[in-house]
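Visitor: compute the structure for the input listed below.
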Amino acid sequence: MRKLPALCIVTALMAALVAAQQAAAQVHYHPDGAPWNQRAQAGPDAEVPGWFYNLGITGLRVKLMEEEPTHLLVMYVLPDTPADGKLRIGDVILGAGGEEFVTPHQNGYGMDKFGPQGPLLDFAIALEACQGDGRKARAKTLPDAESPAATPPEDDDSDHSDDWVQPPTLEPNSQVQRAEAPAWWSVQQAAAASIPSSAPRNHGAIDAGLAEPVPAPLPTEPAPGSLALSVRRDGKIKQITLRLGRKYGSFAPTFPYDCKKTELIREELFAYLADQQHDDGSWGGEVENTFAPLALLASGNKRYLPNVEKNVRFHARTTSAQDSGGLINWRYLSAAIVMSEYALAISDKQQIKWLRGELQEVYNFLLSSQYMDLSQVSPHVQETHPDALPHTPLDAHGGWGHNPGFEGYGPIAMITAQGAIAFALMQRVGIEIDPERHQAAYAFLERGTGKNGYTWYEDQVAGDENYADMGRTGASALAHFLAPFPAQQAYAAPQAAIIARHPEPFPDTHGSPLMGMAYTALGANTGGPGPLRALLQANEWWFTLAQCPDGTFYYQPNRDNAGYGIEARLKASAVVAFVLSIPEASLQITGKGAVR
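Guide: Numbers count the residues shown, from 1 in each chain. Prediction:
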């Protein structure tokens, strides 16, 4: 999009990053149709014919196109939303908010690909701007700003969204002035600046029979709370205005701190999560059963304590000192963290006594499942994962994998970090933790952490100055922040710092991107408000686009593309509610009582 002023410190950070990278978009699509060909099996998105990007509160679902990398193809319109009856499947969005999309997306995974630059970020910028006060001071965007068409009467409330328009002649380097802008606008500034003004826009490439590309018109400035779109349909350019309202407003410059939009989103999500809890006390899988109760507990609202207690009792019923099952360690670590936080938040002595008994069982199981000796290596590993076999007693020592001992490819950093977190929290509840076992978990994480503070997949470093998704690093930072050993506590600060320096892979964690987002934010928070603000402000675009018209949040496609298939709202809503509650510092894992 066009150059815009930036307001936040993160702007310089992100601009420097983009200067070192080519334009990218938050996606990794494949020739076999993934992720677009995946579908939700339940919930409000079950009718959507694929896993597409949600465009915020508009009701639009779109996908990126290899043949038109600066545009968005409409794949679905949610019923009874602002876009319903305005846009259609097959429409191509060429611009938004009076600006033409000019930055192409870049598909793939890696340090040169991470980040949101491209039409998704373009759209997020326009969507956020139209809901905030900054629209009032924005200049008109038609080429002739003095013409009557460019300046509609103040009292003109008529809906011109269905008027066909003739494409005007565009000035390639025309500027748009804004009074204020989110921090992540600087990403697009640097990316757009790298594209020659003569670069082809390719507006007409997808329409068969269109002889030459047709330039997109820049829509007239709509009223505040409305979003003007340039749309190509059947080879013609159409101006469409979506009436979105300004219920949420825009994120504050201090986001996620002192932000009314954040507060409103949180309160709506708390109520949604309470309503979605199952009769048995669960919310579904491990991600939901970790972050939904923690979000409600972090809310500080006593009305949600019965929901949290109900989930705690679910965890207690479904855990024991001896157990079996697939991928079982994830469930026990979730139980340990949730039950410990609840025990540390309440004052009822009888409940705390009961919880200590339940946590002792969980601790005994985690002791048995922690890999400490070559005798714990499953004989099946030789057949299924021969390259993963440990060669020395220290290989993978002290870690946890998906299952007890050493199965498959063995212990990994994300689960091991959660094991160290669980031990630290249980010790605060009063469980006697074996310090040798606890320190073995930290040693595993430190063997897998590069000089730059980045934690890799296992207990080996792939590169001292390289990085990828930050979920493991965030979990490791939190584990070290909570450590009862001063030598380990020192590791948290550099890990929070690298998250702040490289916030762009926030939505891209391997395996469970939403879990990774929560732990990335927790890790950033161990460095105080600065790193957390840097991370979340650089990813305001994600929060803007992931929010649905009903206030829930949607699990967007990402560079890992894992975890979609059952439903697309509850898990994302739980994680967002939790992440936006971190600034309250009302839990042990969010810094309650910590001296920084």
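Visitor: in contact with the spatially closest residue to residue 554 that is not a sequence neighbour, which residues?
Guide: Spatial nearest neighbour of residue 554, chain neighbours left out: residue 54 (4.3 Å); criterion: C-beta to C-beta, 6 or more residues apart in numbering. Backbone N, C-alpha and C define where each C-beta goes, glycine included. By C-beta atoms under 8 Å, 6 or more residues apart in numbering, the contact set of residue 54 is 60-61, 545-548, 554, 556.
Visitor: on the three-state scheme, the closest residue to residue 422 other than its chain neighbours is what?
Guide: Computed as C-beta to C-beta, 6+ apart, the closest residue to residue 422 that is not its neighbour in sequence is residue 336, at 3.7 Å. Of the three states, residue 336 takes helix according to DSSP: H, G, I helix; E, B strand; the rest coil.
Visitor: and the helix or strand hosting residue 264, what's buried?
Guide: When secondary structure is defined by DSSP states H and E, residue 264 falls within helix 260-276. Counting neighbours by 16 or more other C-beta atoms under 10 Å, one finds that the buried residues in helix 260-276 are 261-262, 265-266, 268-274, 276.
Visitor: now, among those residues, which is nearest to residue 528?
Guide: residue 262 (17.9 Å; C-beta to C-beta).
Visitor: thought that closest one was touching residue 249?
Guide: No - checked against C-beta atoms under 8 Å, the pair residue 262 and residue 249 is beyond contact range at 10.3 Å.
Visitor: where in this protein is pLDDT low?
Guide: The chain contains residues with pLDDT under 70 at 1-27, 133-222, 563, 565, 595-596.
Visitor: what residues does stretch 511-521 touch?
Guide: If you take C-beta under 8 Å, 6+ apart as the criterion, stretch 511-521 is touched by 286-287, 290-291, 414, 417, 469-475, 478, 499, 506-510, 532, 535-536, 555, 558, 560, 562-563, 571-572, 575, 578-579, 582.
Visitor: just the buried ones from those residues?
Guide: 286-287, 290-291, 414, 417, 469-475, 478, 499, 506-510, 532, 535-536, 555, 558, 560, 563, 571-572, 575, 578-579, 582.
Visitor: out of those, name the ones that lie in helices.
Guide: Within the buried ones among the contacts of stretch 511-521, membership in helices is found for 286-287, 290-291, 414, 417, 471-475, 478, 499, 532, 535-536, 571-572, 575, 578-579, as judged by DSSP state H.
Visitor: if we can go back for a sec, in strands only, show me the contacts of residue 54.
Guide: The members of those that map onto strands under DSSP state E are 60-61.
Visitor: scan the contacts of residue 54 and report the most crowded one.
Guide: Counting by other C-beta atoms under 10 Å, residue 60 has the largest number of neighbours within the contacts of residue 54, with 29 neighbours.
Visitor: which residues does it bridge with?
Guide: With DSSP bridges as the criterion, residue 60 is bridged to residue 77.
Visitor: mind listing what it touches?
Guide: Each residue near residue 60 by C-beta under 8 Å, 6+ apart is listed here: 54, 74, 76-78, 81, 83, 87, 93.
Visitor: what is the nearest of the residues you listed to residue 540?
Guide: Ranking these by separation from residue 540, with C-beta to C-beta as the measure, puts residue 54 on top at 15.2 Å.
Visitor: could you check the angle the helix holding residue 264 makes with helix 570-579?
Guide: Angular relation of helix 260-276 and helix 570-579 on a 0 to 180 degree scale: 130 degrees, by axes from the mean of the first three to the mean of the last three C-alpha atoms, to 10 degrees.
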